[in-house]
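Student: my questions concern the predicted model and sequence given below.
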Amino acid sequence: MADMSSATRLHPLRADRQSGRTVSVTPAGDATRISLRARPDAVAKLSRLLGLSLPTRPKSTAVAKDGRAALWLGPDEWLLIDAPDSDVAAVLARADVLHSAVDVSHRNVGIIVSGEGADRTISGGCPQDLSLAAFPVGAASRTVLGKIEVIVWRTGEDSFRIECWRSFSEYAYSFLQESAKDCGI
Amino acid sequence: MLLIKCPYCEEERPELEFRHAGEAHLVREGKIIDQSDEDFAAFLYLRQNPKGLVYERWRHIHGCGRFFNAIRDTVSDKFLTVYKAGEPRPDLTAIKAEGAAAPTTRKRRSRTTKSEL
């Protein structure tokens, strides 16, 4: 008689459908976020005020000791991510160089994708090359996930932070959950 | 999927991050009040749309957000070169020779087209 094998059937709506998988998709905690725009001549002064060196190379990030992070998004554009009670807005208000700092803390929602297969999980909807050679730890970039625009930041070999717009967060979250189901080992 | 090089990000990115932004190097006359309606309509609406090499604007809208210029072959969809906005038109003959040796854009999966056979 042939051996019988059966696939485990999961209820599609079960909240714990990810249990036992290697990839976890979880909402990131609250954060202060600033969309910072400035010309090259203001970068040095702003870097001093912020206590970190604003990255000027594509795809790069800088993280200060207290966890304040600056992500390069464009030649004159950065996303600052800091603790929820951060004084970064007040710090920037003291800068006397031409710049634009917009508080987008509540425009964005962060999602943490971590565990073995996190890169494959994001690759399920992101066309960028997320291999360690092309997207090393510390790399960040604005890109596409499925039908929406996101910012992908590699915080570790197997951990990413995804930043998307608030109204797209449900889509991004379920997209990543679904992808994790396929890609988690 | 096409991989397009962004001159600001200095690497090839998937075409999904980009948006086409029309013909490049269109310059509006300084004093449009002196222009005839026909000339202004031509500036506003008439485009070259040639078969072959075109100068185009592209925007890396889901990346660095920057506009840049590119020379693309409308027949093969091959990008000969990309250059930053505001830079002068590159020398086409030099690029053609160079582009034949090392194309700036390649397809992820090779797809043989009639023109390549």
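Tutor: The structure has been received and is ready for your questions.
Student: three-state assignment of A:Ser141?
Tutor: strand (DSSP: H, G, I helix; E, B strand; the rest coil).
Student: mind listing the residues bridging to it?
Tutor: A:Ser141 has these beta-bridge partners by DSSP bridges: A:Val152.
Student: that one reaches A:Arg57, doesn't it?
Tutor: No: between A:Ser141 and A:Arg57 there is no contact under C-beta atoms under 8 Å: 11.7 Å. In short, each C-beta sits where N, CA and C put it, glycine included.
Student: and those two? which has more neighbours close in?
Tutor: Just comparing A:Ser141 and A:Arg57: by other C-beta atoms under 10 Å in any protein chain shown the higher neighbour count belongs to A:Ser141, 27 against 9.
Student: contacts only, for A:Gln128.
Tutor: By C-beta atoms under 8 Å, 6 or more residues apart in numbering or on different chains, the residues touching A:Gln128 are A:134-135, A:141, A:143, A:152, B:13-14, B:17.
Student: contacts for the helix or strand of chain B with the lowest mean pLDDT, please.
Tutor: Lowest by mean pLDDT, DSSP states H and E among the helices and strands of chain B is helix B:92-101, with a mean of 72. Residues from elsewhere that reach helix B:92-101, judged by C-beta under 8 Å, 6+ apart: B:53, B:71, B:78, B:80-81.
Student: what about the strands in chain B?
Tutor: B:3-6, B:11-14, B:19-23, B:53-59, B:67-73, B:79-84 (DSSP state E).
Student: actually chain A, not the one I typed
Tutor: Per DSSP E, chain A carries strands over the ranges A:24-27, A:32-38, A:61-63, A:69-74, A:77-82, A:99-103, A:108-114, A:140-145, A:148-156, A:159-165.
Student: in JSON lines, list those along with mean pLDDT.
Tutor: JSON lines is the format used below for those (pLDDT from 0 to 100):
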{"stretch": "strand A:24-27", "mean pLDDT": "94"}
{"stretch": "strand A:32-38", "mean pLDDT": "97"}
{"stretch": "strand A:61-63", "mean pLDDT": "96"}
{"stretch": "strand A:69-74", "mean pLDDT": "97"}
{"stretch": "strand A:77-82", "mean pLDDT": "97"}
{"stretch": "strand A:99-103", "mean pLDDT": "97"}
{"stretch": "strand A:108-114", "mean pLDDT": "96"}
{"stretch": "strand A:140-145", "mean pLDDT": "97"}
{"stretch": "strand A:148-156", "mean pLDDT": "97"}
{"stretch": "strand A:159-165", "mean pLDDT": "97"}
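Student: same list, those strands, but as CSV with distance to B:Arg47 please.
Tutor: Formatted as CSV, the strands of chain A follow (distance: least, C-beta to C-beta, whole Å):
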stretch, distance to B:Arg47
strand A:24-27, 46
strand A:32-38, 32
strand A:61-63, 41
strand A:69-74, 28
strand A:77-82, 31
strand A:99-103, 34
strand A:108-114, 38
strand A:140-145, 28
strand A:148-156, 28
strand A:159-165, 34
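Student: from chain B, how far out is A:Ser131?
Tutor: 13 Å (C-beta to the nearest C-beta, to the nearest Å).
Student: how many other residues sit next to that residue?
Tutor: 10.
Student: who's in contact with it?
Tutor: For A:Ser131, the contacting residues are A:Asp119, by C-beta under 8 Å, 6+ apart.
Student: backbone dihedrals for it, please?
Tutor: In terms of degrees, to the nearest 10, the main-chain angles of A:Ser131 are phi -70, psi 160.
Student: correct me if wrong: A:Leu80 contacts A:Ala38.
Tutor: No: the criterion here is C-beta under 8 Å, and A:Leu80 misses it with A:Ala38 at 11.5 Å.
Student: who has more neighbours out of the two?
Tutor: Between A:Leu80 and A:Ala38, A:Leu80 has the larger neighbour count (other C-beta under 10 Å), namely 27 against 21.
Student: which residues touch the more buried one?
Tutor: A:Leu80 touches A:32-36, A:50, A:68-71, A:88, counting by C-beta under 8 Å, 6+ apart.
Student: now rank the residues you listed by neighbours and give me the top one.
Tutor: Greatest neighbour count in the contacts of A:Leu80, by other C-beta under 10 Å, goes to A:Leu71: 28 neighbours.
Student: tell me how far that one lies from B:Ala42.
Tutor: According to C-beta to C-beta, to the nearest Å, A:Leu71 and B:Ala42 sit 44 Å apart.
Student: next: B:Leu92.
Tutor: 24 Å.
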